[in-house]
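J.: dropping the sequence and predicted coords here.
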Amino acid sequence: GDSVTQMEGPVTLSEEAFLTINCTYTATGYPSLFWYVQYPGEGLQLLLKATKADDKGSNKGFEATYRKETTSFHLEKGSVQVSDSAVYFCALLRSNDYKLSFGAGTTVTVRA
Amino acid sequence: GAVVSQHPSWVICKSGTSVKIECRSLDFQATTMFWYRQFPKQSLMLMATSNEGSKATYEQGVEKDKFLINHASLTLSTLTVTSAHPEDSSFYICSAFPGRTYEQYFGPGTRLTVT
């Protein structure tokens, strides 16, 4: 079935460092891909999305490109801040039933 | 826009009692809502899909008699944890799917602790 494999953490970085979180997927058809962020004690917030191959989603300095040839949707940010400390989830939306499949989540801690 | 609320945000109950969690889409109608469960430091596990006016469909391994779902209107779905036990303690998150786009909108979650 459709699934997402996400780089395991935790990831600890210094402020202004470059962040990348790897995400690859397995799917039949052409799913939409998402990155969600969860701050401590809160629910999920959509960070960015891409609905077709070669789409680039971007928000708050984060970017991810839907790569069909490598079945990947890696998340990147060029200069992280302490406020970026959170858990990041990669997810795909199954095109047949609109259910989301989530990766395991990556905990990111940014130190001042 | 696209705000989803959950109530309560946290609840403590005694073992053997039942707890109801509400999920509301505040500014849109959602024909479909999803219920997830999240254990500490783990990912979200889809429990069930709730469709307005029809029975919920449960994922494999989820006890339908324990987790009762009612989607009474296009803006409200409820999850009732019946005869709760400590192992039901978890973070429960709902999402609402308006169907117009590919996006689901998530509620802030409800933390359930069963003592």
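T.: Yep, it's here. Computed from a predicted structure; not experimentally measured.
J.: how about the nearest residue to residue 56, chain neighbours excluded?
T.: No chain was given, so I picked chain A. residue A:65 (4.7 Å; Cβ to Cβ, 6 or more residues apart in numbering or on different chains). C-beta coordinates here come from the backbone N, C-alpha and C atoms, glycine included.
J.: hmm, I had chain B in mind actually
T.: If the residues on either side of it in the chain are set aside, residue B:56 comes closest to residue B:69, at 3.9 Å by Cβ to Cβ, 6+ apart.
J.: that neighbour belongs to a helix, doesn't it?
T.: No. Counting by DSSP: H, G, I helix; E, B strand; the rest coil, residue B:69 is not part of a helix but strand.
J.: got the contact list for the residue nearest to residue A:56?
T.: Residue A:65 is in contact with A:50, A:54-57, A:73-74, counting by Cβ atoms under 8 Å, 6 or more residues apart in numbering or on different chains.
J.: out of those, who's the most crowded?
T.: For those, the largest number of neighbours (other Cβ atoms under 10 Å in any protein chain shown) sits with residue A:73, at 29 neighbours.
J.: which residues does that one contact?
T.: So residue A:73 contacts A:23-25, A:33, A:35, A:50, A:64-67, A:90 (Cβ under 8 Å, 6+ apart).
J.: same check on residue A:111?
T.: Counting by Cβ under 8 Å, 6+ apart, residue A:111 touches A:12-15, A:82.
J.: cutoff 6 Å now
T.: Residue A:111 sits next to residue A:14 when contact means Cβ atoms under 6 Å, 6 or more residues apart in numbering or on different chains.
J.: just checking, residue B:34 touches residue B:96?
T.: No. Checked against Cβ atoms under 6 Å, the pair residue B:34 and residue B:96 is beyond contact range at 7.9 Å.
J.: those two: which has the busier surroundings?
T.: Using other Cβ under 10 Å, the more surrounded residue of residue B:34 and residue B:96 is residue B:96, with 30 against 25.
J.: before we move on, back to that, nearest to residue B:76, of the contacts of residue A:73?
T.: residue A:35 (28.7 Å; Cβ to Cβ).
J.: hang on, the earlier thing: can the contacts of residue A:73 go into CSV with extra columns for pLDDT?
T.: Converted to CSV, those look like this (pLDDT from 0 to 100):
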residue, pLDDT
A:23, 97
A:24, 97
A:25, 96
A:33, 95
A:35, 97
A:50, 95
A:64, 98
A:65, 98
A:66, 97
A:67, 96
A:90, 96
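J.: which ones are touching the spatially most central residue of chain B?
T.: Nearest to the mean C-alpha position of chain B, by Cα atoms, centre = their mean, lies residue B:35 at 3.8 Å. Neighbour list for residue B:35: B:47-48, B:79, B:94 [criterion: Cβ under 6 Å, 6+ apart].
J.: what about those, which one has the most neighbours?
T.: residue B:94 leads those on contacts (other Cβ under 10 Å) with 31 neighbours.
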